[in-house]
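**Student:** Task: produce atomic coordinates for the following.
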Amino acid sequence: MHPDIDRILIDEEQLDSIITDIAHQIDRDYAGEDKRLLLLCILKGSVVFMGELMKKLTVPVEIDFMKVSSYGAQTKSTGNINIILDLYRQDLHTCDILIVEDIIDSGKTLSYLVDYLNLKGAKSVKTVTLLDKPSRREVDFQPDYHGIEIPDFFVVGYGLDYAEKYRALPYVGILKPEIYTH
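**Tutor:** Now for the predicted structure:
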């Protein structure tokens, strides 16, 4: 275990099982010839989750990326949603978009993105998150698919970071408070 981690919250085996369950749900819901599933990864934290999720799916998928920021300081959301890398597709009206997110806290970013992509003309927009912190929700938003609810800890690993560190950890761990409160 990394020395900056207080404890492992979700280990590799648990992550694999959670993602397998999510993939089965998505396969069930997106089976059919009238579906054109586009996994839309929200950079950077969701890359690991999306990579593992798409390997477990049996339905055909396309992938694309957006980069969105709502964080001013390293640990606090500003509430302002900034689209840094947008989705530009001529065929958006034929796409069933599944926004892939690593974690939902306030819900503001995903709520905004669902509305934004619907306004851009997507055929449908749903959301999937690996981690869900409903105790931090500031808007009425529920993901369509979620892996596991977690308590209000600052977590890193498996794509999640603090100051661009810890993304490559193969588990989700609780970061020691002294690392981010100095």
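**Student:** Could you list the buried residues of stretch 49-58?
**Tutor:** 49-50, 52-54, 57 (16 or more other C-beta atoms under 10 Å). Just so you know, the C-beta spots here come from the backbone N, C-alpha and C atoms, and that holds for glycine as well.
**Student:** out of these, which are inside helices?
**Tutor:** Cross-referencing the buried residues of stretch 49-58 against helices under DSSP state H gives 49-50, 52-54.
**Student:** between the residues you listed, which is nearest Phe154?
**Tutor:** Ranked by distance to Phe154 (C-beta to C-beta), those are led by Phe49 at 17.9 Å.
**Student:** who's in contact with that closest one?
**Tutor:** 19, 100, 102, 130, 158-159 (C-beta atoms under 8 Å, 6 or more residues apart in numbering).
**Student:** and which of the residues you listed is nearest Ser70?
**Tutor:** Asp102 (13.4 Å).
**Student:** on contacts alone, who are the packing partners of the one helix or strand the closest one maps to?
**Tutor:** Asp102 belongs to strand 96-104 when assigned by DSSP states H and E. Judged by 3 or more C-beta pairs under 8 Å, 6 or more residues apart in numbering; DSSP states H and E, the packing partners of strand 96-104 are helix 12-30, strand 37-43, helix 47-56, helix 108-119, strand 124-132.
**Student:** Redo the ones you listed as a markdown table? Include distance to Arg89 and mean pLDDT.
**Tutor:** Listed next are the helices and strands packed on strand 96-104 as a markdown table, based on distance: least, C-beta to C-beta, whole Å; pLDDT from 0 to 100:
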| stretch | distance to Arg89 | mean pLDDT |
| --- | --- | --- |
| helix 12-30 | 18 | 97 |
| strand 37-43 | 8 | 96 |
| helix 47-56 | 17 | 97 |
| helix 108-119 | 10 | 94 |
| strand 124-132 | 13 | 97 |
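**Student:** would you turn those into JSON lines with distance to Glu149?
**Tutor:** Below are the helices and strands packed on strand 96-104 laid out as JSON lines (distance: least, C-beta to C-beta, whole Å):
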{"stretch": "helix 12-30", "distance to Glu149": "11"}
{"stretch": "strand 37-43", "distance to Glu149": "19"}
{"stretch": "helix 47-56", "distance to Glu149": "16"}
{"stretch": "helix 108-119", "distance to Glu149": "15"}
{"stretch": "strand 124-132", "distance to Glu149": "5"}
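**Student:** Kind regards, and thank you for your time.
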